[in-house]
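Asks: Sequence and predicted structure below; questions after.
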Amino acid sequence: MKLSHVALVCSSEQRAKDFYEGILNLRRIKSFVLSRALARQIFEIDGECPVIVYGDSRFTVEVFLTTPVASRENSFEHICIEVKNIEEFVKTCEAMHVEVNRVPKGDRLLTFVKDYDGNLFEIKEAPL
């Protein structure tokens, strides 16, 4: 089994670009509008929605542009991604005002970041 894509919500095209292109270094693959009919049939949402697809050879995310983003309760939901150098990634996040949470666990730190709309990502360093 292979994960095809993940779908997340973002409140603006600029925020999506800043995070998915600027921080995750994904490229914009395509964009489309989810029709009102499909939105109703699939998600029980009455309205069309613009979608941008970002990705690379290993990771694809569909970003649904809606505003305002519904408030989020505390949740366990997150996406875990691997990066080449976690310290460089954290510096990039901090420079771009992305919330970083580093939590001690034994002799290591767990690293989580939230995008500009509160989607949570666990960050791990890719094995050599």
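Replies: Cool, the structure landed. Numbers count the residues shown, from 1 in each chain.

Asks: Just the buried positions in the longest helix seen in the chain, please.
Replies: As assigned by DSSP state H, the longest helix anywhere in the chain is helix 86-95. For helix 86-95, the neighbour count (16 or more other C-beta atoms under 10 Å) marks 86, 89, 90, 92, 93 as buried. From N, CA and C alone the C-beta is placed, and that goes for glycine too.

Asks: Let me know the closest of these to residue 39.
Replies: Lowest distance from residue 39 to these (C-beta to C-beta) belongs to residue 93, with 31.7 Å.

Asks: for that closest one, what are its contacts?
Replies: Residues in contact with residue 93 (C-beta atoms under 8 Å, 6 or more residues apart in numbering) are 23, 99, 100, 113.

Asks: filter these to the buried ones?
Replies: By neighbour count, with 16+ other C-beta under 10 Å, these hold 23, 113 as buried.

Asks: From the contacts of residue 93, pick the one nearest residue 12.
Replies: residue 23 (15.3 Å).

Asks: So that closest one versus residue 42, what's the distance?
Replies: Distance, residue 23 to residue 42, by C-beta to C-beta, to the nearest Å: 29 Å.

Asks: about what we covered before: any chance of CSV for the contacts of residue 93, columns secondary structure?
Replies: Output for the contacts of residue 93, formatted as CSV (DSSP: H, G, I helix; E, B strand; the rest coil):
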residue, secondary structure
23, coil
99, strand
100, strand
113, strand
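
Asks: Turn the contacts of residue 93 into a markdown table, columns for pLDDT.
Replies: Formatted as a markdown table, the contacts of residue 93 follow (pLDDT from 0 to 100):
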| residue | pLDDT |
| --- | --- |
| 23 | 96 |
| 99 | 92 |
| 100 | 95 |
| 113 | 94 |
